[in-house]
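1. Prediction below, plus the sequence it came from.
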Amino acid sequence: MTLHGHVPPEPDLVQLLTPEGVRVEHPDFPLEITDDEIKSLYRDLALVRRFDGEATALQRQGELGLWASCLGQEAAQVGAGRALRTQDMAFPTYREHGVAWCRDVDPVTLLGMFRGVSLGGWNPNENNFNLYTIVLGAQTLHAVGYAMGVARDGAVGTGEPDRDTAVLTFFGDGASSQGDVNEAFIWAAAANLPVVFYCQNNQWAISEPVERQSRVPLFQRASGFGFPGIRIDGNDVLACLAVSRVALDEARSGQGPTLIEAFTYRMGAHTTSDDPTRYRLSEELETWKHRDPIERVRAYLIREAGVAQEFFDSIEAEAEELAIRIRQACRALEDPSPLSVFDQVYVEITDELAEQRSDYADYLASFEGAGR
Amino acid sequence: MAELKHFKLPDIGEGLTEADILRWDVAVGDTVTVNQTLVEVETAKAAVELPCPFAGVIHEIFFDVGATVDVGQPIVSIQVGEGELVGASSGSGGEDLVPTPPIDGGLSQSVGPTSPNGIPEREAVLVGYGVSGERGRRRKRAKPDAVPAPSANDAFGVTPGAHAANAVVPAGRGALAKPPVRKLAKTLGVDLANIAATGPNGSISRLDVEEAAKLPAGTTTAAPSVDTETRIPIKGVRKHTAAAMVSSAFTAPHVTEFITVDVTDMMELRNRVAARREFREVKVSPLLFVARAVLWAAKRTPVINSTWDDKAGEIVVKHYVNLGIAAATDRGLIVPNIKRADTMSLLELAQAMGTLTEVARSGRTAPADMSGGTFTITNVGVFGVDTGTPIINPGEAAILAFGAVRRQPWVVSSDGTERIEPRWVTQLAVSFDHRSVDGQQGSEFLADVAAVLRDPGLALL
């Protein structure tokens, strides 16, 4: 008997659509989905990729200060995003463009922060999509806090489909090493909160490979905290959708938290300030290209669902229109007005703040040509 | 109507100030589409490709490969739309890529901190390459008794969006200077139009005015118009060469010695070698034999192949020779070296020299090929000159200049009689570091090189 001799087996991952586009069944996660629904997922994936590519180009053209591309992670994001119900709340990192898309946040809005004209850009309560969080892992604590509120509102386990609420929070393999994330796990487990922890393991925490951060597959960490964890093929939008649905349903029904590890790959740079060729091999990228999240859906639609070329052409045309709109709207994003600093901080503005606001307005009005 | 748009180098990595041009994917006249890759640049953080923001035709490329470009400088202009070009000019004009919100009519007349010279000062910002024009304009607070002259704008030629990366103020435009600097110039009686501007965005700085005031009246320091002088940026190979030469010339006391030598026998040997089958593929040049002579002579005077290690207080005599060959390339002078040339056969040496020259000419010499040299030969003879006083490559103890090989009258003696014959004659010069090499050693080395070129058979001894 030795303490260190045990070698755990390589974990399975849930997959419903192979990289070749073949539909496979999983005993625990059956997914009833029509071909039209899969076509709509394809549209999500393709448009998100086009938007993301355009944003990257805009950064390279000096229109954005920075961009964090989600290239390669579209399925992980769209699968989870499409599993959400209206009343559910999502807490993203700064890379969840695909989830934002599913929550109907206008892509142009996402650019504001990266262009430096906004500190956030949208009202989190309008689409139930929190602001992008740059601090690594902090949003998991926000999500847990929100879930505590949900529990105290009694919006868990009532059996009413439009009332029971789940909270979905995103983070990466790198953030999983953060204290915040581990604290969030502890609180979620202790209070049995309706929160789903959705880790997109894209293999690289900037330049740090995941195997240098964890001795065990990330999803296995959940068992130490006392809740289930599961690994899914993060490049398989159907698996992401199916497993997210189950986890969110269980959260809504009061069964507590889940950790989902969406096993995926960051095809691009960490951000536009990063050069991945300095730390990873092109072979690795080539390997993952064969597991592309969009190509497999396309292959399925063509081979198994008999979808005609016109469909793909129309999506392509729509993507092109989106790109043109994004490009124009990005360049037209206006600087915020100085007085807007008073607008979003408090629910109700205090007397003191109202006075400051008025003073500041007078000050601004004292400039030549004021009144704009 | 066509319009000229400028693409300025953006800050692609959060706070970078410059980038090097690695590769252009387009040429002047090419039709480009939106997001087509234009150029690859390398910053301190990454090598990235920049996609084109406009669809149109490449009108002008402002920087060559290898250039270091400041963020915000236009790197390429693109003609957008059909027909005659509106406002086409080189390096200025055209639309700023940064979108400008609608201009407030009242504001555009104001003389803000950015406008006396028409060139907005760039502000340090995180997004893009900085705000410019109206975006960055701070408004002046209204003061009833200080209304700016309505003509201020015309006087200083406000051109929103115009870029002023050039330090030289184009002729016909007002000199750029801040009001306190103008005041200083007036006080010192200096005409701003005659001053070379070294300040930001081509503006005249306080220092420029003070310098100009020291000069005799009537002198101008301003850069003359483009026609009579060309200003070449000191960068890249040129900058490196300059630094190396200065460092060498002012740390190592150079002594240069010369010798004239009859190399007729060497030239005959060369012809015989060149005719040999195994040498068919390689160039058998006189330089090859000079290299061999140097390697031979260096064995007899080892200190010629050494380094002065100031820090350690030691002279490091190398038991190997990495033989540097100075090469003139399009990019300037580079000195790649042949590693362990002392262990090579004549054929191997010829092959190595051929490869080295070819690689250098094509601009592909790797940094490793240029470091670690122990002795250098500079073949000034290829330019038709007799000799020179070469400067030692830093870190080495000596350098040999090989002059042109010419037919010259030469006194030949045999059997006690002397006569004048046309012979192949050349001059050699060696500069050595007198800290480590004394006159005796340097002279012996040079005499040895000359001797073996005069009589190649000596190498058999």
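-> Right, received. Where do you want to start?
2. burial of residue B:65, as a residue count?
-> 14 (other C-beta atoms under 10 Å in any protein chain shown). C-beta here means a position set from N, CA and C on the backbone, and glycine is covered the same way.
3. Checking it next. Helix, strand or coil?
-> Secondary structure, DSSP: H, G, I helix; E, B strand; the rest coil: residue B:65 is coil.
4. do residue A:131 as well
-> Under three-state DSSP, residue A:131 falls in the coil class.
5. How many residues are close by it?
-> 18.
6. for residue B:354, what are its contacts?
-> B:282, B:283 (C-beta atoms under 8 Å, 6 or more residues apart in numbering or on different chains).
7. For chain B, which segments count as helices?
-> B:105-108, B:152-156, B:179-188, B:206-214, B:236-251, B:264-274, B:286-300, B:346-361, B:367-370, B:439-454 (DSSP state H).
8. Pick the most buried one from the ones you listed.
-> helix B:286-300 (a mean of 22; mean count of other C-beta atoms under 10 Å in any protein chain shown).
9. which residues sit against it?
-> Contact with helix B:286-300 is made by B:263, B:266-267, B:269-270, B:304-305, B:321, B:323, B:325, B:341-342, B:346, B:349-350, B:353, B:375, B:377, B:379, B:381, B:400, B:402, B:405, B:426, B:428, B:444-445, B:448-449, B:452-453, B:456, B:459, as judged by C-beta under 8 Å, 6+ apart.
10. between it and helix B:264-274, how many degrees?
-> Counting by axes from the mean of the first three to the mean of the last three C-alpha atoms, to 10 degrees, helix B:286-300 lies at 110 degrees to helix B:264-274.
11. Return the distance of helix B:286-300 from the chain's centre.
-> How far helix B:286-300 lies from its chain's middle: 31 Å, per C-alpha atoms, centre = their mean, to the nearest Å.
12. So for that helix, mean pLDDT?
-> The average of the pLDDT scores along helix B:286-300 is 94.
13. So which other helices or strands are in contact with the longest helix seen in chain A?
-> Counting residues, the longest helix in chain A under DSSP H turns out to be helix A:35-60. In terms of contacts (3 or more C-beta pairs under 8 Å, 6 or more residues apart in numbering or on different chains; DSSP states H and E), helix A:35-60 is packed against helix A:74-81, helix A:97-102, helix A:107-115, helix A:237-252, helix A:293-303, helix A:309-332, strand B:47-51.
14. switch the cut-off to 10 Å
-> helix A:74-81, helix A:97-102, helix A:107-115, helix A:237-252, helix A:293-303, helix A:309-332, strand B:37-42, strand B:47-51 (3 or more C-beta pairs under 10 Å, 6 or more residues apart in numbering or on different chains; DSSP states H and E).
15. quick one: that helix to chain centroid distance?
-> Per C-alpha atoms, centre = their mean, the centroid offset for helix A:35-60 relative to its chain is 14 Å.
16. Then residue A:186 would be within a helix, right?
-> Yes: assessed by three-state DSSP, residue A:186 belongs to a helix.
17. Mind telling me which residue of chain B is nearest chain A?
-> Nearest residue of chain B to chain A (C-beta to the nearest C-beta) works out as residue B:10 at 2.6 Å.
18. Looking at residue A:340 now. What's its pLDDT?
-> Note on residue A:340: pLDDT of 85.
19. Kindly report the same for the one 4 residues further on.
-> Confidence per residue is given as pLDDT, and for residue A:344 that number is 77.
20. Would you check that it makes contact with residue A:120?
-> Yes: under the criterion of C-beta atoms under 10 Å, residue A:344 makes contact with residue A:120 at 7.7 Å.
21. From residue B:270, how far off is the most centrally placed residue in chain A?
-> In chain A, the centroid-proximal residue (C-alpha atoms, centre = their mean) is residue A:96; its distance is 3.0 Å. Residue A:96 sits 73 Å away from residue B:270, going by C-beta to C-beta, to the nearest Å.
22. Which positions within stretch B:310-322 qualify as buried?
-> Within stretch B:310-322, the residues that qualify as buried are B:318, B:321, B:322, counting by 16 or more other C-beta atoms under 10 Å in any protein chain shown.
23. what's the answer for stretch A:175-184, then?
-> Buried residues in stretch A:175-184, counted by 16+ other C-beta under 10 Å: A:175, A:176, A:177, A:178, A:180, A:181, A:182, A:184.
24. For those, work out which two are farthest apart.
-> A:177 and A:184 (13.0 Å; C-beta to C-beta).
25. so what's in contact with the two at the same time?
-> residue A:137 (C-beta atoms under 10 Å, 6 or more residues apart in numbering or on different chains).
26. Mean pLDDT lowest where, among the helices and strands packed on helix A:35-60?
-> Of all the helices and strands packed on helix A:35-60, strand B:47-51 has the smallest average pLDDT, which comes to a mean of 88.
27. does any bit of that strand sit next to chain A?
-> Yes: counting by C-beta under 10 Å from any C-beta of the partner chain, chain A has neighbours in strand B:47-51: B:47, B:48, B:49, B:50, B:51.
28. Report the buried members of these.
-> Here, 16+ other C-beta under 10 Å leaves B:48, B:50, B:51 buried among those.
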